[in-house]
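# Take this sequence and fold it.
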Amino acid sequence: MSAPDDTAWEIVIGLEVHCQLATAEKLFCGCPNRFGQPPNRDTCPICLGLPGVLPVLNRQAVDFALAVGAALGCTAHPRSVFARKHYFYPDLPKGYQITQYDRPLLTGGAVPVEAEDGAVRAVPLTRIHLEEDAGKSTHDAADATLVDLNRAGVPLIEIVGEPALRSAEEAGDYLRALHAIVRYLGVSDGNMEEGSFRCDANVSVRRRGQTSLGTRTEIKNLNTFKGVQRALAYEAARHVDLLEAGQAVVQETRLWDDAAGRTRGMRGKEEAHDYRYFPEPDLPPVELSEVELRAAAEGLPELPAARRARFVEALELSPYDAGVLTAERALADYFEAALAAHPGNAKGVCNWITSELLARVPATEIATGPVAPGDLGRLVALIDDDTISGRIAKQVFDHMLAGEGTPDAIIEARGLRQVTDTAAIEAACRTIIAEHPDQLAQFREGKTRVKGFFVGQVMKATRGKANPQQVNALLDRLLAEDATDP
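The predicted structure follows:
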(Lines give C-alpha, C1' and ligand atoms only; values in the text may rest on other atoms or scores of the structure.)
Protein backbone atom coordinates (compact mmCIF):
# COMPACT_ATOMS: atom_id res chain seq x y z
CA MET A 1 0.00 0.00 0.00
CA SER A 2 1.55 3.29 -1.11
CA ALA A 3 1.78 6.41 1.01
CA PRO A 4 -0.96 8.97 0.32
CA ASP A 5 -0.14 11.98 -1.84
CA ASP A 6 0.50 14.75 0.69
CA THR A 7 -0.33 17.41 -1.88
CA ALA A 8 -3.85 16.03 -2.40
CA TRP A 9 -4.74 14.56 0.96
CA GLU A 10 -4.39 15.69 4.57
CA ILE A 11 -4.17 13.21 7.44
CA VAL A 12 -6.02 14.11 10.66
CA ILE A 13 -5.00 12.28 13.82
CA GLY A 14 -6.20 12.45 17.41
CA LEU A 15 -4.72 10.28 20.16
CA GLU A 16 -6.28 9.00 23.36
CA VAL A 17 -3.45 8.01 25.68
CA HIS A 18 -4.04 5.71 28.65
CA CYS A 19 -1.38 6.24 31.30
CA GLN A 20 -1.30 3.92 34.31
CA LEU A 21 -0.58 5.83 37.51
CA ALA A 22 2.16 4.54 39.83
CA THR A 23 0.09 4.57 43.00
CA ALA A 24 0.68 1.96 45.68
CA GLU A 25 -2.94 0.79 45.55
CA LYS A 26 -5.72 0.57 42.99
CA LEU A 27 -8.11 3.42 42.27
CA PHE A 28 -11.09 2.40 44.40
CA CYS A 29 -9.81 -0.33 46.73
CA GLY A 30 -6.76 -1.31 48.80
CA CYS A 31 -5.44 -4.01 46.42
CA PRO A 32 -1.77 -3.57 45.45
CA ASN A 33 -1.09 -1.83 42.14
CA ARG A 34 1.72 -3.97 40.78
CA PHE A 35 2.66 -5.96 37.71
CA GLY A 36 3.65 -9.58 37.22
CA GLN A 37 1.70 -11.36 39.93
CA PRO A 38 0.01 -14.74 39.35
CA PRO A 39 -3.43 -14.35 37.73
CA ASN A 40 -6.19 -12.92 39.95
CA ARG A 41 -4.00 -12.64 43.06
CA ASP A 42 -4.37 -8.86 43.50
CA THR A 43 -8.17 -8.79 43.69
CA CYS A 44 -10.90 -8.16 46.25
CA PRO A 45 -14.70 -7.92 46.26
CA ILE A 46 -14.51 -4.29 45.06
CA CYS A 47 -12.38 -4.82 41.97
CA LEU A 48 -14.14 -8.13 41.28
CA GLY A 49 -17.42 -6.20 41.11
CA LEU A 50 -19.27 -8.26 43.73
CA PRO A 51 -22.72 -7.01 44.80
CA GLY A 52 -23.00 -4.58 47.69
CA VAL A 53 -19.43 -3.25 47.71
CA LEU A 54 -18.59 0.45 47.79
CA PRO A 55 -15.62 2.08 46.02
CA VAL A 56 -13.41 4.62 47.84
CA LEU A 57 -11.32 7.03 45.76
CA ASN A 58 -7.51 6.88 46.02
CA ARG A 59 -6.40 10.46 46.77
CA GLN A 60 -2.86 9.86 45.46
CA ALA A 61 -4.29 9.16 42.01
CA VAL A 62 -6.03 12.56 42.06
CA ASP A 63 -2.78 14.28 43.03
CA PHE A 64 -0.88 12.51 40.22
CA ALA A 65 -3.52 13.54 37.69
CA LEU A 66 -3.35 17.14 38.90
CA ALA A 67 0.44 17.13 38.48
CA VAL A 68 0.10 16.04 34.84
CA GLY A 69 -2.55 18.68 34.28
CA ALA A 70 -0.32 21.39 35.75
CA ALA A 71 2.62 20.28 33.60
CA LEU A 72 0.48 20.46 30.44
CA GLY A 73 -1.24 23.75 31.28
CA CYS A 74 -4.71 22.24 31.76
CA THR A 75 -7.57 23.87 33.61
CA ALA A 76 -8.15 21.96 36.85
CA HIS A 77 -11.77 21.99 37.96
CA PRO A 78 -12.62 22.29 41.65
CA ARG A 79 -15.55 19.91 41.14
CA SER A 80 -15.54 16.80 38.94
CA VAL A 81 -17.83 13.79 38.76
CA PHE A 82 -17.36 10.07 38.15
CA ALA A 83 -19.67 8.20 35.81
CA ARG A 84 -20.45 4.64 34.81
CA LYS A 85 -19.58 3.64 31.25
CA HIS A 86 -21.46 0.48 30.35
CA TYR A 87 -20.18 -2.21 28.04
CA PHE A 88 -19.97 -5.96 28.31
CA TYR A 89 -16.71 -7.85 28.02
CA PRO A 90 -15.30 -10.78 30.04
CA ASP A 91 -12.52 -8.71 31.63
CA LEU A 92 -14.93 -6.02 32.92
CA PRO A 93 -16.45 -7.77 35.96
CA LYS A 94 -18.99 -5.09 36.92
CA GLY A 95 -20.36 -4.72 33.40
CA TYR A 96 -19.37 -1.04 33.53
CA GLN A 97 -16.23 1.03 33.96
CA ILE A 98 -15.97 3.86 36.48
CA THR A 99 -14.63 6.86 34.57
CA GLN A 100 -15.32 10.56 34.14
CA TYR A 101 -17.53 11.81 31.35
CA ASP A 102 -19.18 15.21 31.13
CA ARG A 103 -17.42 16.73 34.18
CA PRO A 104 -13.77 15.66 34.06
CA LEU A 105 -11.02 16.71 36.43
CA LEU A 106 -8.99 18.55 33.77
CA THR A 107 -9.72 20.24 30.44
CA GLY A 108 -7.66 22.06 27.82
CA GLY A 109 -3.88 22.26 27.93
CA ALA A 110 -1.34 21.18 25.33
CA VAL A 111 1.62 18.86 24.78
CA PRO A 112 4.81 20.66 23.64
CA VAL A 113 6.20 18.76 20.64
CA GLU A 114 9.67 19.63 19.36
CA ALA A 115 10.31 19.28 15.62
CA GLU A 116 13.67 18.34 14.07
CA ASP A 117 14.45 22.02 13.42
CA GLY A 118 14.03 22.80 17.13
CA ALA A 119 10.69 24.57 16.76
CA VAL A 120 8.18 23.65 19.48
CA ARG A 121 4.51 23.21 18.63
CA ALA A 122 1.84 23.08 21.33
CA VAL A 123 -0.55 20.27 20.36
CA PRO A 124 -3.88 21.01 22.07
CA LEU A 125 -5.68 18.65 24.44
CA THR A 126 -9.40 18.23 24.98
CA ARG A 127 -9.35 16.79 28.49
CA ILE A 128 -7.65 14.52 31.02
CA HIS A 129 -9.83 12.35 33.19
CA LEU A 130 -9.43 9.61 35.79
CA GLU A 131 -10.74 6.10 35.26
CA GLU A 132 -10.18 2.50 36.30
CA ASP A 133 -8.54 -0.06 34.04
CA ALA A 134 -10.19 -3.29 32.95
CA GLY A 135 -8.71 -6.75 33.41
CA LYS A 136 -6.84 -8.70 30.78
CA SER A 137 -8.15 -11.45 28.49
CA THR A 138 -5.77 -14.05 27.10
CA HIS A 139 -6.71 -16.36 24.25
CA ASP A 140 -4.89 -19.68 24.33
CA ALA A 141 -4.15 -22.28 21.66
CA ALA A 142 -7.27 -24.26 22.57
CA ASP A 143 -9.49 -21.26 21.74
CA ALA A 144 -10.24 -20.72 25.41
CA THR A 145 -10.35 -17.20 26.85
CA LEU A 146 -8.63 -16.78 30.22
CA VAL A 147 -9.39 -13.71 32.33
CA ASP A 148 -6.90 -12.13 34.74
CA LEU A 149 -8.41 -9.38 36.88
CA ASN A 150 -5.19 -8.22 38.58
CA ARG A 151 -5.29 -5.08 36.41
CA ALA A 152 -9.00 -4.41 37.03
CA GLY A 153 -9.31 -1.22 39.04
CA VAL A 154 -5.77 0.02 38.41
CA PRO A 155 -5.81 3.85 38.19
CA LEU A 156 -5.48 5.44 34.76
CA ILE A 157 -5.57 8.89 33.36
CA GLU A 158 -6.89 9.17 29.83
CA ILE A 159 -5.24 12.06 27.99
CA VAL A 160 -7.50 12.99 25.08
CA GLY A 161 -5.89 15.07 22.35
CA GLU A 162 -7.59 17.25 19.80
CA PRO A 163 -7.51 15.98 16.17
CA ALA A 164 -4.56 18.29 15.55
CA LEU A 165 -1.76 15.93 14.47
CA ARG A 166 -1.01 15.85 10.75
CA SER A 167 1.41 12.98 10.23
CA ALA A 168 2.34 9.63 11.69
CA GLU A 169 5.79 11.04 12.55
CA GLU A 170 4.28 13.97 14.44
CA ALA A 171 2.07 11.54 16.36
CA GLY A 172 5.19 9.58 17.36
CA ASP A 173 6.92 12.78 18.54
CA TYR A 174 3.79 13.73 20.51
CA LEU A 175 3.74 10.39 22.30
CA ARG A 176 7.46 10.55 23.10
CA ALA A 177 7.06 14.05 24.55
CA LEU A 178 4.08 12.99 26.68
CA HIS A 179 5.86 9.81 27.78
CA ALA A 180 8.90 11.82 28.95
CA ILE A 181 6.70 14.24 30.92
CA VAL A 182 4.81 11.60 32.91
CA ARG A 183 8.08 9.82 33.71
CA TYR A 184 9.72 13.12 34.78
CA LEU A 185 6.80 13.78 37.10
CA GLY A 186 7.17 10.30 38.60
CA VAL A 187 3.44 9.61 38.20
CA SER A 188 3.95 6.59 35.91
CA ASP A 189 6.75 4.20 35.03
CA GLY A 190 5.62 4.51 31.39
CA ASN A 191 6.46 0.85 30.74
CA MET A 192 4.90 0.27 27.35
CA GLU A 193 5.61 -3.48 27.28
CA GLU A 194 3.62 -3.89 30.50
CA GLY A 195 0.78 -1.67 29.24
CA SER A 196 1.47 1.27 31.55
CA PHE A 197 1.47 3.67 28.59
CA ARG A 198 -0.66 2.86 25.56
CA CYS A 199 -2.93 4.70 23.19
CA ASP A 200 -5.94 4.49 20.90
CA ALA A 201 -5.48 6.41 17.67
CA ASN A 202 -8.26 8.07 15.70
CA VAL A 203 -7.40 8.72 12.06
CA SER A 204 -9.19 10.18 9.06
CA VAL A 205 -8.20 11.85 5.79
CA ARG A 206 -9.63 14.74 3.82
CA ARG A 207 -8.87 16.59 0.63
CA ARG A 208 -6.46 19.48 1.02
CA GLY A 209 -8.38 22.67 1.66
CA GLN A 210 -11.41 20.97 3.20
CA THR A 211 -12.38 21.96 6.74
CA SER A 212 -14.84 19.20 7.61
CA LEU A 213 -13.44 15.98 9.03
CA GLY A 214 -13.58 12.71 7.14
CA THR A 215 -14.95 9.44 8.50
CA ARG A 216 -12.59 8.20 11.17
CA THR A 217 -11.46 4.81 12.34
CA GLU A 218 -10.00 4.02 15.73
CA ILE A 219 -6.95 1.78 16.19
CA LYS A 220 -6.96 0.25 19.67
CA ASN A 221 -4.24 -0.51 22.22
CA LEU A 222 -1.05 0.60 20.49
CA ASN A 223 1.88 0.24 22.87
CA THR A 224 5.07 1.09 20.97
CA PHE A 225 6.13 4.36 19.37
CA LYS A 226 7.14 2.59 16.18
CA GLY A 227 3.89 0.62 16.13
CA VAL A 228 1.82 3.80 16.42
CA GLN A 229 3.63 5.39 13.48
CA ARG A 230 3.37 2.28 11.29
CA ALA A 231 -0.30 1.76 12.12
CA LEU A 232 -1.24 5.37 11.39
CA ALA A 233 0.69 5.43 8.11
CA TYR A 234 -0.99 2.20 6.98
CA GLU A 235 -4.48 3.26 8.02
CA ALA A 236 -4.22 6.68 6.36
CA ALA A 237 -3.07 5.02 3.13
CA ARG A 238 -5.98 2.56 3.37
CA HIS A 239 -8.47 5.43 3.68
CA VAL A 240 -7.02 7.21 0.65
CA ASP A 241 -7.08 4.03 -1.45
CA LEU A 242 -10.75 3.49 -0.59
CA LEU A 243 -11.74 7.08 -1.36
CA GLU A 244 -9.80 7.27 -4.61
CA ALA A 245 -11.50 4.03 -5.69
CA GLY A 246 -14.90 5.65 -5.06
CA GLN A 247 -15.62 3.63 -1.93
CA ALA A 248 -16.59 4.82 1.54
CA VAL A 249 -14.58 4.57 4.73
CA VAL A 250 -16.58 2.71 7.38
CA GLN A 251 -16.40 4.07 10.93
CA GLU A 252 -15.13 1.19 13.02
CA THR A 253 -12.62 0.06 15.63
CA ARG A 254 -9.57 -1.75 14.25
CA LEU A 255 -6.57 -3.61 15.64
CA TRP A 256 -2.95 -3.30 14.48
CA ASP A 257 -1.28 -6.53 13.37
CA ASP A 258 2.38 -5.65 13.73
CA ALA A 259 3.67 -8.88 12.19
CA ALA A 260 1.53 -8.46 9.09
CA GLY A 261 2.03 -4.68 8.97
CA ARG A 262 -1.69 -3.93 8.61
CA THR A 263 -4.84 -3.08 10.55
CA ARG A 264 -7.77 -5.48 10.87
CA GLY A 265 -11.43 -4.81 11.60
CA MET A 266 -12.49 -5.45 15.20
CA ARG A 267 -16.01 -4.07 15.66
CA GLY A 268 -18.30 -1.23 14.65
CA LYS A 269 -17.43 2.00 16.44
CA GLU A 270 -19.64 2.76 19.42
CA GLU A 271 -20.91 6.28 19.94
CA ALA A 272 -21.07 7.88 23.38
CA HIS A 273 -24.76 7.16 23.85
CA ASP A 274 -24.14 3.43 23.33
CA TYR A 275 -22.25 3.36 26.62
CA ARG A 276 -25.29 4.64 28.60
CA TYR A 277 -23.23 7.00 30.76
CA PHE A 278 -24.77 8.15 34.01
CA PRO A 279 -23.25 9.60 37.24
CA GLU A 280 -21.66 7.01 39.54
CA PRO A 281 -24.08 6.82 42.49
CA ASP A 282 -21.56 5.27 44.90
CA LEU A 283 -18.94 8.03 44.64
CA PRO A 284 -19.41 11.65 45.69
CA PRO A 285 -18.10 14.45 43.42
CA VAL A 286 -14.40 15.22 43.71
CA GLU A 287 -14.16 18.65 45.33
CA LEU A 288 -10.82 20.46 45.56
CA SER A 289 -9.92 23.75 47.18
CA GLU A 290 -7.95 26.51 45.48
CA VAL A 291 -5.03 25.73 47.79
CA GLU A 292 -5.00 22.11 46.61
CA LEU A 293 -5.15 23.16 42.96
CA ARG A 294 -2.27 25.63 43.38
CA ALA A 295 -0.13 23.05 45.19
CA ALA A 296 -0.09 20.83 42.11
CA ALA A 297 1.48 23.57 39.99
CA GLU A 298 3.93 24.67 42.69
CA GLY A 299 5.34 21.17 43.13
CA LEU A 300 6.38 20.61 39.50
CA PRO A 301 9.98 19.67 38.66
CA GLU A 302 11.80 21.22 35.70
CA LEU A 303 10.26 19.50 32.67
CA PRO A 304 12.18 17.97 29.74
CA ALA A 305 11.73 20.82 27.23
CA ALA A 306 12.82 23.48 29.73
CA ARG A 307 15.78 21.38 30.84
CA ARG A 308 16.92 20.82 27.25
CA ALA A 309 16.73 24.54 26.55
CA ARG A 310 18.78 25.31 29.68
CA PHE A 311 21.45 22.78 28.80
CA VAL A 312 21.79 24.34 25.35
CA GLU A 313 21.71 27.99 26.44
CA ALA A 314 23.51 27.94 29.80
CA LEU A 315 25.90 25.00 29.30
CA GLU A 316 26.45 25.42 25.55
CA LEU A 317 25.68 21.78 24.77
CA SER A 318 24.44 20.84 21.32
CA PRO A 319 20.68 20.25 20.92
CA TYR A 320 21.48 16.60 20.22
CA ASP A 321 23.52 16.16 23.42
CA ALA A 322 20.89 17.99 25.45
CA GLY A 323 18.21 15.73 23.99
CA VAL A 324 20.11 12.57 24.94
CA LEU A 325 20.76 13.78 28.49
CA THR A 326 17.16 14.84 29.14
CA ALA A 327 15.48 11.77 27.64
CA GLU A 328 15.29 10.29 31.15
CA ARG A 329 15.01 12.35 34.32
CA ALA A 330 17.44 10.03 36.14
CA LEU A 331 20.04 10.58 33.41
CA ALA A 332 19.65 14.37 33.48
CA ASP A 333 19.92 14.35 37.28
CA TYR A 334 23.06 12.20 37.04
CA PHE A 335 24.63 14.63 34.56
CA GLU A 336 23.95 17.63 36.78
CA ALA A 337 25.37 15.85 39.83
CA ALA A 338 28.50 14.89 37.87
CA LEU A 339 28.83 18.46 36.58
CA ALA A 340 28.59 19.79 40.14
CA ALA A 341 31.79 17.84 40.91
CA HIS A 342 33.56 19.45 37.91
CA PRO A 343 31.60 22.51 36.78
CA GLY A 344 34.21 23.76 34.36
CA ASN A 345 33.68 21.26 31.56
CA ALA A 346 30.05 20.47 30.73
CA LYS A 347 30.94 19.11 27.31
CA GLY A 348 33.58 16.78 28.74
CA VAL A 349 31.21 15.40 31.38
CA CYS A 350 28.50 15.00 28.73
CA ASN A 351 30.86 13.11 26.41
CA TRP A 352 31.87 10.65 29.12
CA ILE A 353 28.22 9.96 29.94
CA THR A 354 26.98 9.61 26.38
CA SER A 355 30.00 7.85 24.87
CA GLU A 356 31.34 5.72 27.71
CA LEU A 357 28.77 5.32 30.49
CA LEU A 358 25.67 4.77 28.34
CA ALA A 359 27.60 2.22 26.29
CA ARG A 360 27.94 0.07 29.42
CA VAL A 361 24.96 0.95 31.65
CA PRO A 362 21.29 1.44 30.57
CA ALA A 363 19.99 4.97 31.18
CA THR A 364 17.33 3.65 33.58
CA GLU A 365 20.00 1.98 35.77
CA ILE A 366 22.61 4.75 35.91
CA ALA A 367 21.34 6.21 39.20
CA THR A 368 21.91 2.89 40.97
CA GLY A 369 24.94 1.81 38.95
CA PRO A 370 28.53 1.32 40.11
CA VAL A 371 29.81 4.77 39.07
CA ALA A 372 28.60 7.61 41.29
CA PRO A 373 28.05 10.93 39.45
CA GLY A 374 30.58 12.74 41.62
CA ASP A 375 33.21 10.14 40.74
CA LEU A 376 32.57 10.57 37.02
CA GLY A 377 32.92 14.34 37.36
CA ARG A 378 36.15 13.82 39.29
CA LEU A 379 37.46 11.54 36.51
CA VAL A 380 36.94 14.29 33.94
CA ALA A 381 38.65 16.78 36.26
CA LEU A 382 41.70 14.47 36.53
CA ILE A 383 41.94 14.41 32.74
CA ASP A 384 41.62 18.17 32.51
CA ASP A 385 44.38 18.85 35.08
CA ASP A 386 46.73 16.33 33.38
CA THR A 387 46.77 13.93 36.31
CA ILE A 388 45.87 11.18 33.80
CA SER A 389 45.56 11.03 30.03
CA GLY A 390 42.36 10.24 28.21
CA ARG A 391 43.74 6.80 27.40
CA ILE A 392 44.54 6.02 31.02
CA ALA A 393 41.16 7.43 32.03
CA LYS A 394 39.44 4.62 30.12
CA GLN A 395 41.41 2.09 32.16
CA VAL A 396 40.44 3.89 35.36
CA PHE A 397 36.82 3.93 34.22
CA ASP A 398 36.87 0.16 33.67
CA HIS A 399 38.05 -0.29 37.26
CA MET A 400 35.34 2.09 38.48
CA LEU A 401 32.70 0.01 36.69
CA ALA A 402 34.12 -3.05 38.42
CA GLY A 403 33.45 -1.38 41.77
CA GLU A 404 37.08 -0.77 42.75
CA GLY A 405 36.48 2.66 44.22
CA THR A 406 36.99 6.33 43.38
CA PRO A 407 39.20 7.43 40.48
CA ASP A 408 41.83 8.89 42.85
CA ALA A 409 42.05 5.64 44.81
CA ILE A 410 42.36 3.56 41.63
CA ILE A 411 45.07 5.82 40.19
CA GLU A 412 47.16 5.59 43.34
CA ALA A 413 46.63 1.86 43.87
CA ARG A 414 47.55 1.00 40.30
CA GLY A 415 50.23 3.61 39.72
CA LEU A 416 48.40 5.23 36.83
CA ARG A 417 49.29 8.87 37.47
CA GLN A 418 50.39 10.59 34.26
CA VAL A 419 54.07 11.36 33.77
CA THR A 420 54.48 15.10 33.13
CA ASP A 421 58.15 15.44 34.02
CA THR A 422 59.69 16.90 30.86
CA ALA A 423 63.16 15.48 31.50
CA ALA A 424 61.81 11.96 32.01
CA ILE A 425 59.67 12.10 28.87
CA GLU A 426 62.56 13.54 26.83
CA ALA A 427 64.82 10.73 27.99
CA ALA A 428 62.23 8.15 26.89
CA CYS A 429 61.90 9.87 23.50
CA ARG A 430 65.68 9.91 22.95
CA THR A 431 65.90 6.21 23.85
CA ILE A 432 63.15 5.26 21.38
CA ILE A 433 64.75 7.29 18.56
CA ALA A 434 68.10 5.69 19.21
CA GLU A 435 66.60 2.17 19.24
CA HIS A 436 64.90 2.55 15.86
CA PRO A 437 67.43 3.76 13.25
CA ASP A 438 65.42 2.39 10.31
CA GLN A 439 62.36 4.47 11.18
CA LEU A 440 64.62 7.47 11.82
CA ALA A 441 66.08 7.05 8.32
CA GLN A 442 62.55 7.01 6.86
CA PHE A 443 61.76 10.23 8.69
CA ARG A 444 64.91 11.84 7.29
CA GLU A 445 63.76 10.82 3.78
CA GLY A 446 60.61 12.89 4.29
CA LYS A 447 58.22 10.19 5.46
CA THR A 448 56.89 12.31 8.29
CA ARG A 449 54.04 9.92 9.09
CA VAL A 450 56.57 7.69 10.80
CA LYS A 451 56.39 10.12 13.71
CA GLY A 452 53.25 8.26 14.78
CA PHE A 453 55.34 5.15 15.20
CA PHE A 454 57.67 6.97 17.59
CA VAL A 455 54.70 8.35 19.57
CA GLY A 456 53.27 4.87 19.97
CA GLN A 457 56.60 3.42 21.10
CA VAL A 458 57.09 6.15 23.71
CA MET A 459 53.58 5.63 25.07
CA LYS A 460 54.21 1.89 25.19
CA ALA A 461 57.53 2.36 26.98
CA THR A 462 55.88 4.57 29.59
CA ARG A 463 52.87 2.24 29.90
CA GLY A 464 50.65 4.95 28.51
CA LYS A 465 51.41 7.33 31.36
CA ALA A 466 53.40 9.95 29.47
CA ASN A 467 51.52 13.14 28.69
CA PRO A 468 50.62 12.77 24.98
CA GLN A 469 50.91 16.49 24.23
CA GLN A 470 54.39 16.62 25.73
CA VAL A 471 55.42 13.47 23.85
CA ASN A 472 54.32 14.99 20.54
CA ALA A 473 56.02 18.33 21.21
CA LEU A 474 59.29 16.73 22.33
CA LEU A 475 59.39 14.34 19.35
CA ASP A 476 58.78 17.26 16.99
CA ARG A 477 61.81 19.04 18.48
CA LEU A 478 64.11 16.03 18.73
CA LEU A 479 63.35 14.69 15.26
CA ALA A 480 63.78 18.14 13.76
CA GLU A 481 67.13 18.53 15.52
CA ASP A 482 68.26 15.09 14.31
CA ALA A 483 67.27 15.86 10.74
CA THR A 484 69.40 19.01 10.70
CA ASP A 485 72.49 17.39 12.26
CA PRO A 486 75.44 17.16 9.81
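
# excluding its backbone neighbours, what's nearest residue 361?
Among residues not flanking residue 361 along the chain, residue 369 sits closest, at 4.6 Å (C-beta to C-beta, 6 or more residues apart in numbering). Bear in mind the C-beta positions are built from the backbone N, C-alpha and C, glycine included.

# Do me a favour and get the backbone dihedrals for residue 11.
Here is the backbone geometry of residue 11 (degrees, to the nearest 10): phi -90, psi 140.

# Surely the residue nearest to residue 361 touches residue 353?
No - using C-beta atoms under 8 Å, residue 369 is not in contact with residue 353; the gap is 11.4 Å.

# In the stretch 1-150 of the chain, where is pLDDT below threshold?
1-5 (pLDDT under 70).

# can you map out the strands along it?
9-20, 75-76, 79-80, 82-86, 96-100, 106-107, 110-114, 120-132, 136-139, 145-148 (DSSP state E, counting those that start in this stretch).

# JSON lines for those strands, including distance to residue 427 and mean neighbour count?
Converted to JSON lines, these look like this (distance: least, C-beta to C-beta, whole Å; neighbours: other C-beta atoms under 10 Å):
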{"stretch": "strand 9-20", "distance to residue 427": "66", "mean neighbour count": "22"}
{"stretch": "strand 75-76", "distance to residue 427": "74", "mean neighbour count": "17"}
{"stretch": "strand 79-80", "distance to residue 427": "80", "mean neighbour count": "16"}
{"stretch": "strand 82-86", "distance to residue 427": "83", "mean neighbour count": "21"}
{"stretch": "strand 96-100", "distance to residue 427": "80", "mean neighbour count": "20"}
{"stretch": "strand 106-107", "distance to residue 427": "73", "mean neighbour count": "22"}
{"stretch": "strand 110-114", "distance to residue 427": "56", "mean neighbour count": "20"}
{"stretch": "strand 120-132", "distance to residue 427": "59", "mean neighbour count": "20"}
{"stretch": "strand 136-139", "distance to residue 427": "73", "mean neighbour count": "12"}
{"stretch": "strand 145-148", "distance to residue 427": "74", "mean neighbour count": "14"}
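
# What residue spans form the domains of this structure?
9-296, 303-414, 422-484 (automatic domain parsing).

# circling back to that earlier point, so for residue 369 and residue 353, which sits in the more crowded spot?
residue 353 (26 against 16; other C-beta atoms under 10 Å).

# Assumed residue 204 was part of a strand.
Yes - assessed by DSSP: H, G, I helix; E, B strand; the rest coil, residue 204 belongs to a strand.

# Give me the pLDDT value at residue 191.
You'll see residue 191 listed with a pLDDT of 93.

# For it, give its distance to residue 198.
10 Å (C-beta to C-beta, to the nearest Å).

# Could I get the full set of strands for the stretch 201-350 of the chain?
217-222, 252-257, 262-268, 278-279, 286-287.

# most neighbours per residue, which of those?
strand 217-222 (a mean of 20; mean count of other C-beta atoms under 10 Å).

# ok, residues contacting that strand?
Strand 217-222 has contacts (C-beta atoms under 8 Å, 6 or more residues apart in numbering) with 198-204, 228, 231-232, 235, 239, 249-256, 263, 266, 269.

# So, low pLDDT: which residues of the stretch 301-450 of the chain?
Applying pLDDT under 70 to the stretch 301-450 of the chain picks out residues 418-421.

# what do you get for the stretch 151-300 of the chain?
268-273.

# would you list every one of the helices in it?
168-185, 225-244, 290-298 (DSSP state H, counting those that start in this stretch).

# Make TSV out of those helices and add mean neighbour count and distance to residue 53.
Converted to TSV, those look like this (neighbours: other C-beta atoms under 10 Å; distance: least, C-beta to C-beta, whole Å):
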stretch	mean neighbour count	distance to residue 53
helix 168-185	22	30
helix 225-244	20	37
helix 290-298	13	28
